[in-house]
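Visitor: need a structure here:
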Amino acid sequence: MQKNIAVVMGGYSSEYLISLKSGSVVMNHLNKTLYNAYEVHIFKEKWVLLFDNKEFEIDRHNFSTNVNGNKIQFDCVFNAIHGTPGEDGQFLSYLELIGIPHTSAPSYQMALTFNKRDCLSVVKPYGIKTAESYYLNLGDPIITSEIVEKVGLPCFVKANKAGSSFGISKVYKTEELEYAIENSFKEDDEIIIESFLDGKEVSVGVINYKGETKVLPITEIVSENDFFDYEAKYQGASQEITPARLTKDEQQKVEAIAKKAYEILRMSGFSRSEFIFKNGEPHMLEMNTVPGLTEESILPQQATEAGISLEDLFGNAIEMALKN
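Guide: Numbering: from 1, shown residues only. Predicted structure coming up:
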């Protein structure tokens, strides 16, 4: 019997357009003999199911809807919301409360990994290397000399809870810091300022595949811009080389660390972690738990390299959710 799957997309953050693209790709690749896939848009002003170019309101008491007199209840939710409320665990907490399985990690793990500074704070005691960092909350005094003394120049100023390189700046001079900090505060009320790591950048996908933790082929990021910013990620201003050009030692190190981070954080579902090699050692930057899912996105590229089709990748996520 076919399962009813809500593919949720949209969200409340600057990433909503990317989420709509990811969700559409998931809709197109789910096995139609196994799943009835429904496109569901989650926005602050409305939760709706789209069917025949019409919107049908979602009943938030039980996450169901009526389409032309037929009640639709969902067996599982495929989470394709980048940013809040999908990637930060808020929407997933709601699903867990009403008992609907979803394809992401549990809501607590999602909230933890979405917060860059909290995520890095958890993995550091396990020997996973990270950049030097300095944290600011909105309203804190900005003492630029103290920041530079801690992280050096150049440095990166980032929104702590945002993805797709929104709210990020590379700063070369002390006098540029305040503007960069203000820019990051437009995205989030917490920011993280990190030392610049000069080295090879790689992205490592790790998934729960058929009940086992699987590390996908690694992607090397070569940005044509000063760093891997929004244009580099989504507008072609970068090379994404899969498999990455790593030595056997480098590959084994970063695979082991990516898998270790996934398991330390008690993850399930999708993850894509970013690393930079410094002096031959991978330093973890962050973990993305709702990575881009278009055909051009990094994690689907990695799955394809591993011989996993998008139909299998997305279907496996649903089956693991239903099983758990």
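
Visitor: count the residues that sit near residue 187.
Guide: As a burial measure, residue 187 scores 20 neighbours (other CB atoms under 10 Å). Bear in mind the C-beta positions are built from the backbone N, C-alpha and C, glycine included.

Visitor: bridged to residue 3, which residues?
Guide: residue 35 (DSSP bridges).

Visitor: now do the contacts for it.
Guide: 34, 35, 36, 75, 76, 318, 322 (CB atoms under 8 Å, 6 or more residues apart in numbering).

Visitor: export these as a markdown table, with columns for neighbour count and pLDDT.
Guide: Listed next are the contacts of residue 3 as a markdown table, based on neighbours: other CB atoms under 10 Å; pLDDT from 0 to 100:
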| residue | neighbour count | pLDDT |
| --- | --- | --- |
| 34 | 15 | 98 |
| 35 | 20 | 98 |
| 36 | 14 | 98 |
| 75 | 17 | 98 |
| 76 | 21 | 98 |
| 318 | 25 | 98 |
| 322 | 13 | 97 |
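
Visitor: closest one of those residues to residue 48?
Guide: Distance to residue 48 across those (CB to CB) is lowest for residue 36, with 17.2 Å.

Visitor: is it true that that closest one touches residue 4?
Guide: Yes. Residue 36 lies in contact with residue 4 (CB atoms under 8 Å); the separation is 5.0 Å.

Visitor: just to revisit the earlier point, of all the contacts of residue 3, which two lie farthest apart?
Guide: Taking CB to CB as the measure, the contacts of residue 3 span a maximum distance of 14.0 Å, between 36 and 322.

Visitor: can you tell me the SS state at residue 61?
Guide: Put simply, residue 61 is coil when judged by DSSP: H, G, I helix; E, B strand; the rest coil.

Visitor: what about it, distance to residue 126?
Guide: Per CB to CB, to the nearest Å, residue 61 is found 41 Å from residue 126.

Visitor: again, but for residue 134
Guide: Going from residue 134 to residue 126 by CB to CB gives 22 Å.

Visitor: so between those two, which is more surrounded?
Guide: Shown here are residue 134 and residue 126; by other CB under 10 Å, residue 134 has more neighbours (19 against 12).

Visitor: what does the helix or strand hosting that one contact?
Guide: According to DSSP states H and E, residue 134 maps onto strand 133-137. Identification of contacts with strand 133-137 by CB under 8 Å, 6+ apart yields 117, 120, 142, 146-147, 150-151, 160, 181, 189-195.

Visitor: what strands line up against that strand, and which way round?
Guide: If you go by DSSP bridges, strand 133-137 pairs up with strand 190-195 (antiparallel).

Visitor: what's across from residue 157 in the sheet?
Guide: Counting by DSSP bridges, residue 157 forms beta bridges with residue 169, residue 193.

Visitor: surely it touches residue 190?
Guide: No. In this structure, residue 157 is not within contact of residue 190 by CB under 8 Å, at 11.9 Å.

Visitor: more neighbours, those two?
Guide: Per other CB under 10 Å, whichever of residue 157 and residue 190 has more neighbours is residue 157, with 27 against 21.

Visitor: got the contact list for the more buried one?
Guide: Here residue 157 is in contact with 168, 169, 171, 177, 180, 181, 183, 184, 191, 193 (criterion: CB under 8 Å, 6+ apart).

Visitor: who's in contact with the residue nearest to the first one when sequence neighbours are not counted?
Guide: When the adjacent residues along the chain are set aside, residue 168 lies closest to residue 158, with 4.8 Å between them (CB to CB, 6 or more residues apart in numbering). Under the criterion of CB under 8 Å, 6+ apart, the contact partners of residue 158 comprise 116, 167, 168, 184, 191, 192, 193, 194.

Visitor: top of these by neighbour count?
Guide: Counting neighbours by other CB under 10 Å, the top entry in the contacts of residue 158 is residue 191, with 28 neighbours.

Visitor: does that one touch residue 183 like I think?
Guide: No. Contact between residue 191 and residue 183 fails when scored by CB under 8 Å: they sit 9.4 Å apart.

Visitor: shared neighbours, the two?
Guide: 157, 167.

Visitor: buried set for the strand holding residue 134?
Guide: Across strand 133-137, burial judged by 16 or more other CB atoms under 10 Å covers 133, 134, 136.

Visitor: what ranges do the strands span in the stretch 51-200 of the chain?
Guide: Secondary structure of the stretch 51-200 of the chain by DSSP state E, counting those that start in this stretch: the strands cover 54-57, 64-67, 70-73, 76-79, 129-130, 133-137, 155-159, 168-171, 190-195.

Visitor: mind putting those strands in TSV, distance to residue 97 included?
Guide: Below are the strands of the stretch 51-200 of the chain laid out as TSV (distance: least, CB to CB, whole Å):
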stretch	distance to residue 97
strand 54-57	20
strand 64-67	15
strand 70-73	16
strand 76-79	13
strand 129-130	33
strand 133-137	29
strand 155-159	28
strand 168-171	33
strand 190-195	26
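
Visitor: residue 261: which of those strands is closest?
Guide: Closest among those, once you apply CB to CB, is strand 129-130, at 10.7 Å.

Visitor: confidence-wise, which of the contacts of residue 158 comes last?
Guide: Lowest-confidence member of these: residue 167, scoring 74 (pLDDT).
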